[in-house]
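[1] With the sequence up front, the predicted model follows.
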Amino acid sequence: MKELIKRTILHFLMTFFSVFKVKKSKLLFMSYYGGQYSCNPKYITEYLLKHDLHKKFEIVWVLNKPEQDRNKPFFRTAKAMSLRYFYHLATAQVVITNHRLPNHFKKKDDQYYIQTWHSSLRLKQIEKDAGKALPDNYIELAKHDSHMCNLLLSGCAKSTEIFKRSFWYEGEILESGTPRNDILVSPQLDLVNRVKLKLNLSPEKKVVLFAPTFRNKQKTTPLEFDVDRILTTLKQAFGGEWVLLVKLHPHLTEMYRHTDFSKNVRNVTAYEDTQELLACADILITDYSSLMFDFAITERPCFLYTPDIEQYTASERKLYFQLSDLPFPSAVNEEALLVQFDRFNKQDYLEKLATFLLATGSFEEGKASEKVVERIHQICS
């Protein structure tokens, strides 16, 4: 009954605000249902701001906590699910998001919806391919969202293939690359230093980022390795002094809030922009996260730590690739991970990486945001 009442109220609000006309050149952005100023919608926005296009377009961002983002003077914000949110959602000419839109959104004929998605390529199966692992209400939401979508962004030919099969979508796919990965094509030293300054790290400190994916059924994430051994082995294998940054899924923030991280381990889960952490990292350790494919663009070492792979693939998601088919060294326990550090061969790694990126047909050239903005210009002209 509560769900029915909620749907009725949301439907009423959407219907009420739909009487207002769509406003030309108004762009509405949303990332992870308003949870962050991040991912592809952020980098499209940053491109607009960098080129003074906020004077041409009215930019509105939907955020759960807009009061925390008052330092962004060139666009408006609207609190998610507020009256202002419904007004802007009903009157934006272009809606841009990286996640499925709520099912109360009913797109008008003169509105244009760009779905950026939130990965350039992925290891875990998604959408229709992972249908047995998804709840019925999500599948209903996804089909509704795909039906409204006008444009879907793709980071590589392999991703396009997956979208065509699994996304309940038959519309246009823009093979532009991934806006959030533009900064990873040529990471700028000033950005790296800025991130280290925010994290109170010296510019000389080397960074290993541990960023595992989220698990729906398993209530923990593999954080059970000896950090001192990891850092000591990295120093021996790669030189320099190291710090470990731990970026967990936001859903796990509370679980690890009271974990006693040492001085050489920083919990950066609250750091909003994961791409900036990737730009700063010298090495990435992950498990099944799509971040491995983003990080591959930097050509820096990425290692897969998968102690629960049998349990994960049995109870969570099937994978699109065998781990042995990926260019990244992998390990199922701590000892094997340390051996992978010791044995790392840069030339061999770069050759495998180049072969993989060629085989998957990467579109990442650092111009994805520019190409999406060109399309927005065409839509709004």
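    Perfect, thanks for sending it.

[2] Can you name every helix or strand that the lengthiest strand in the chain contacts?
    Assignment by DSSP state E gives strand 23-30 as the longest strand of the chain. Counting contacts by 3 or more Cβ pairs under 8 Å, 6 or more residues apart in numbering; DSSP states H and E, strand 23-30 is packed against helix 39-50, strand 58-63, helix 83-91, strand 92-97, helix 368-380. Every residue, glycine included, has its C-beta placed from N, CA and C.

[3] what angle separates it from strand 92-97?
    Orientation of strand 23-30 against strand 92-97 (axes from the mean of the first three to the mean of the last three Cα atoms, to 10 degrees) gives an angle of 20 degrees.

[4] I'd like to know which of the helices and strands packed on strand 23-30 lies nearest to residue 358.
    Among the helices and strands packed on strand 23-30, helix 368-380 comes nearest to residue 358, with 18.8 Å by Cβ to Cβ.

[5] hmm, who's touching the closest one?
    For helix 368-380, contacts defined as Cβ atoms under 8 Å, 6 or more residues apart in numbering pick out 24-25, 27, 43-44, 46-48, 51, 53, 57, 93-94, 112, 114, 116, 151, 153, 155, 174, 176-179, 181-182.

[6] same deal with stretch 125-138?
    By Cβ under 8 Å, 6+ apart, stretch 125-138 touches 100, 124, 139, 142, 162, 165-168, 216, 316-320.

[7] please redo it, this time with the cut-off set to 10 Å
    For stretch 125-138, contacts defined as Cβ atoms under 10 Å, 6 or more residues apart in numbering pick out 3, 100, 103, 117, 119, 122, 124, 139, 141-143, 146, 162-163, 165-169, 216-217, 290, 313, 315-320.

[8] what's the closest non-adjacent residue to the residue sitting nearest the centre point of the chain?
    Nearest to the mean C-alpha position of the chain, by Cα atoms, centre = their mean, lies residue 118 at 4.1 Å. Nearest non-adjacent residue to residue 118, counting by Cβ to Cβ, 6 or more residues apart in numbering: residue 98, 4.4 Å away.

[9] And for residue 278?
    Counting by Cβ to Cβ, 6+ apart, residue 278 lies nearest to residue 295, which is 5.3 Å off, once chain neighbours are set aside.

[10] Export the one helix or strand the one you found maps to to CSV, keeping only CA atoms.
    Element membership of residue 295, judged by DSSP states H and E, is helix 291-296. Below are the C-alpha coordinates for helix 291-296, written out as CSV (Å, rounded to 0.1, in the frame of the first residue of the first chain):
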residue,chain,number,x,y,z
LEU,A,291,37.6,0.6,-12.9
MET,A,292,40.2,-1.7,-14.3
PHE,A,293,39.2,-0.8,-17.8
ASP,A,294,39.3,2.9,-17.0
PHE,A,295,42.7,2.6,-15.4
ALA,A,296,44.1,0.6,-18.4
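
[11] Brilliant, that's me finished.
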